[in-house]
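>>> Requesting a structural model of the entry that follows:
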Amino acid sequence: MRKTKPEADQVALQIESWMKRAGIETYLDYSWDGPLADSTDCVIVLGGDGTLLSVARRAAAMEIPILGVNLGNLGFLTEVEPVNLEKALEALVRGDYTIEERTMVQATVMRAGHSVASFSGLNDVVISKGAFARIISLDIFVNEEYYSTFPADGIIVSSPTGSTAYSLSAGGPLISPNIDVMLVTPICPHTLFSRSLVIAGHDRVRVVVEAPHEDVAVTVDGQVGFKVESHDEIIVERAAQVTRFVRLQAKSFYGTMRERLKQDRL
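As a prediction, this is how the structure comes out:
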């Protein structure tokens, strides 16, 4: 639950009260990165996509499904609006739902042939320069085959779910989460011709950073970061774990995009 949302406390107490009447034990958790209890059957996340992403990294390792209640702005990943909360809880308790699995990405930072950091996330891995750094050079390899060198502000490697996030803002395409691919999108490349690259889900991307004296970092889901050095290699591939979402009704990816992006028919 996102503590900074004023309505979060009210909704959390509403859920706790309803669950208590149904004879179900609940636990309120305001932390962003603490461990989940081993006995957890389901996590109900109150907030927007950012809150849900933080919980996804914790829940995926324990194979715990997530039900998202939208208290944010866009809510691409959430399932329920607060006005429909009680009906959603009834369906959850009845077992009237399906589980949707979403691919995650994993980043490993290699330095002088050794792994110095590893992270996984639902949306994306971003390698980018700091606010005052100059353009950096990024050598891109796919399955050890050289693809291109981008002089750019950075690069995004995203899952299909992450195609609606930073990659979309950087000019990348929307990709249905049902398609087993990854997406490589440069950030403000200093070239006349550069496009996003869609690769197979089992492919592996290796990014070699060339940025002497520059401030460069790798971030996962925009929430977990690690400073990298020139000549570091960042390997991005499909993570072993997946995020499991509770789905209470059949939803079309394309309808959700139309609704969230406000693309109404003329």
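>>> Could you use CA atoms for every contact and neighbour count after this?
OK.
>>> What distance do you get for V220 to F253?
Distance, V220 to F253, by Cα to Cα, to the nearest Å: 23 Å.
>>> of those two, who's got more company?
The neighbour count for V220 versus F253, taken as other Cα atoms under 10 Å, is higher for V220 (25 against 14).
>>> What is the burial count for V93?
Residues near V93, counting by other Cα under 10 Å: 12.
>>> Distance check, it against Y146.
Using Cα to Cα, we find V93 at a distance of 51 Å from Y146.
>>> in this protein, which helix has the most residues?
If you go by DSSP state H, the chain has its longest helix at helix 6-21.
>>> Would you indicate which residues of that helix are buried?
For helix 6-21, the buried set under the neighbour-count rule, 16 or more other Cα atoms under 10 Å, comprises 8-9, 11-12, 15-16, 19.
>>> try stretch 87-101
Quick answer for stretch 87-101 (16+ other Cα under 10 Å): 88-89, 92, 97, 101.
>>> Go over the secondary structure and confirm F245 is in a strand.
Yes: assessed by DSSP: H, G, I helix; E, B strand; the rest coil, F245 belongs to a strand.
>>> Tell me if I'm right that E63 and F245 touch.
No: at 10.3 Å, E63 and F245 do not qualify as touching, with contact defined as Cα atoms under 8 Å.
>>> So for those two, which sits in the more crowded spot?
Comparing E63 with F245 by other Cα under 10 Å, the one with more neighbours is F245, at 23 against 16.
>>> And the more buried one, how far from Y97?
With Cα to Cα as the criterion, F245 and Y97 are 10 Å apart.
>>> ditto for P151
Distance, P151 to Y97, by Cα to Cα: 47 Å.
>>> Check A217 too.
39 Å.
>>> One more: I136?
Here I136 is placed at a distance of 47 Å from Y97 (Cα to Cα).
>>> V184 - nearest residue in space that isn't next to it in sequence?
Excluding the flanking residues, the one nearest V184 by Cα to Cα, 6 or more residues apart in numbering is V157, at 4.6 Å.
>>> now E214
Excluding the flanking residues, the one nearest E214 by Cα to Cα, 6+ apart is A133, at 5.6 Å.
>>> what's the answer for K227, then?
Per Cα to Cα, 6+ apart, closest to K227 is A217, 4.2 Å.
>>> Also I234?
V109 (4.6 Å).
>>> Doesn't that neighbour belong to a strand?
Yes: assessed with three-state DSSP, V109 lies in a strand.
>>> and it, how many neighbours?
Neighbours of V109 using other Cα under 10 Å come to 23.
>>> Low-confidence bits of the protein, can you list those?
1-5, 31-34, 262-266 (pLDDT under 70).
>>> and it, what are its domains?
Using automatic domain parsing, the domain ranges for the chain come out as 6-97+248-260, 104-241.
>>> quick one: secondary structure of S163?
Under three-state DSSP, the three-state class of S163 is helix.
>>> residues contacting it?
123, 172-175, 183 (Cα atoms under 8 Å, 6 or more residues apart in numbering).
>>> In helices only, show me the residues you listed.
Short answer: the contacts of S163 have none in helices (DSSP H).
>>> Quick check: phi and psi on D203?
Dihedral pair for D203: phi -70, psi 160, per degrees, to the nearest 10.
>>> wouldn't it be in contact with V142 here?
Yes: in this structure D203 lies within contact range of V142 using Cα under 8 Å: 6.8 Å.
>>> if we can go back for a sec, distance to L261 added to the buried residues of helix 6-21, as TSV?
TSV is the format used below for those (distance: Cα to Cα, whole Å):
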residue	distance to L261
A8	24
D9	28
V11	26
A12	28
I15	29
E16	32
M19	34
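>>> quick one on the thing from earlier: ok, the residue nearest to E214 touching A217?
No: using Cα under 8 Å as the test, A133 is too far from A217 to be in contact (11.2 Å).
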